[in-house]
Every structure is written in C-alpha cells, then in structure tokens.
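Enquirer: no sequence on this one, just coordinates:
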C-alpha cells in the first residue's frame, strides 16, 4: 500500500514559492486534462514517473486509509497496459470528456523535494447521442517529482465524492 500524505507538510515555503508551485501544478493539470479530453490517451503515461501510482477511490476509503480502489495502477507498465486496453480491447460507446480542474492547493514540499498538492476535479461525459452528464466529482491528492524541469506524477489519488458512480468508467479521471 502506498504511503498516505496527511495534511500540510509545514510552512517551509515562502508565499512566492507556494504561488509559483501552484501555477506549475495548475498548468500541469491543464495539459493533463487537454490530453485526455482530446482523446490522446497514448500520452497519459507520459505524465507519470516510472514508479508512478494511480488510484480512483471513494472518499470513505481514502479517509479510512483503506487501499480499495476502482482503478489501481502501480507503476508505468500498468498505466501503459490500461492505455492498451482502452485502445484495443475494451468495448464501450463513443464519448467526449471534459475535465475541469481547479482550486489547487500546495500542501508542501517534503524532504525528498516531492511537491504535495490537492485540487478539485469535475469530469463531464457526453455520449454521442445523449446529453452531457457529470461523470465524477472529487479531488486529486498528488505527489509530484521533478524530471529535469518538468513535474511528473509520483502518485495520484482521484478521490470521488459520490457513493454511486457510473459502472462504465473507462477513461482516466
């Protein structure tokens, strides 16, 4: 089970450093959403470190520190396998997605210089012959590392708020 990051990591950042990191995470999340919304699913693994972790889980499970997740991908190879499954083996109705991210908070930087952040997300899904519906609402709990000058996801928990979610979850959140 992955280490859970809890609350703020302390006041070791100046207001300018915190603001710059928040902008960097916002830009990262904007590009992440653009790649998914434009159907460039093959780019999704590029947002993760080699040992990247991705989980979609209920708020209750996260709050109780339970490892249960609807989707649990541990390492870039598993993330790439998910992409291959979406592209080649899964059967689902065509759809458009819109990821809306906001309210980024920088919780801190740990001793290994991992950036710990949280932000809200909303995913709206439109099936080709149906109206748009809210697919999922929740928050990302992220740990980022740096690869040269770029941020990469070391871990991303997508923590959804609703007790009930669509059973046809296909694309990443």
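Expert: In hand now; what should we look at? Source: prediction; values computed, not measured.
Enquirer: What separation do you get for the residue nearest the centre of the chain and residue 111?
Expert: By C-alpha atoms, centre = their mean, the chain has its centre lying nearest to residue 156, at 4.8 Å. For residue 156, the distance to residue 111 equals 21 Å [C-beta to C-beta, to the nearest Å]. The C-beta positions use only the backbone N, C-alpha and C, and glycine is treated the same way.
Enquirer: likewise residue 99?
Expert: With C-beta to C-beta as the criterion, residue 99 and residue 111 are 31 Å apart.
Enquirer: Looking only at neighbour counts, state which of these two leads.
Expert: Shown here are residue 99 and residue 111; by other C-beta atoms under 10 Å, residue 99 has more neighbours (21 against 7).
Enquirer: In terms of secondary structure, what does the strand or helix carrying that one contact?
Expert: If you go by DSSP states H and E, residue 99 is part of strand 95-109. Applying 3 or more C-beta pairs under 8 Å, 6 or more residues apart in numbering; DSSP states H and E, we find strand 95-109 packed against helix 15-37, strand 115-127.
Enquirer: Quick check: can you name the pairing partners of the last one and their directions?
Expert: It stands for strand 115-127. Partner strands for strand 115-127, per DSSP bridges, with pairing direction: strand 95-109 (antiparallel), strand 132-147 (antiparallel).
Enquirer: Now the element after the last one, going C-ward?
Expert: Downstream of strand 132-147, the next assigned helix or strand under DSSP H and E is strand 150-160.
Enquirer: partner strands of that next one, parallel or antiparallel?
Expert: By DSSP bridges, strand 150-160 pairs with strand 48-58 (parallel), strand 132-147 (antiparallel).
Enquirer: any idea of the angle that strand forms with helix 15-37?
Expert: Angle between the axes of strand 150-160 and helix 15-37 is 70 degrees (criterion: axes from the mean of the first three to the mean of the last three C-alpha atoms, to 10 degrees).
Enquirer: List of residues touching strand 150-160?
Expert: Here strand 150-160 makes contact (C-beta atoms under 8 Å, 6 or more residues apart in numbering) with 2, 24-25, 28, 47-49, 51-59, 62, 114-115, 121, 136-146, 173.
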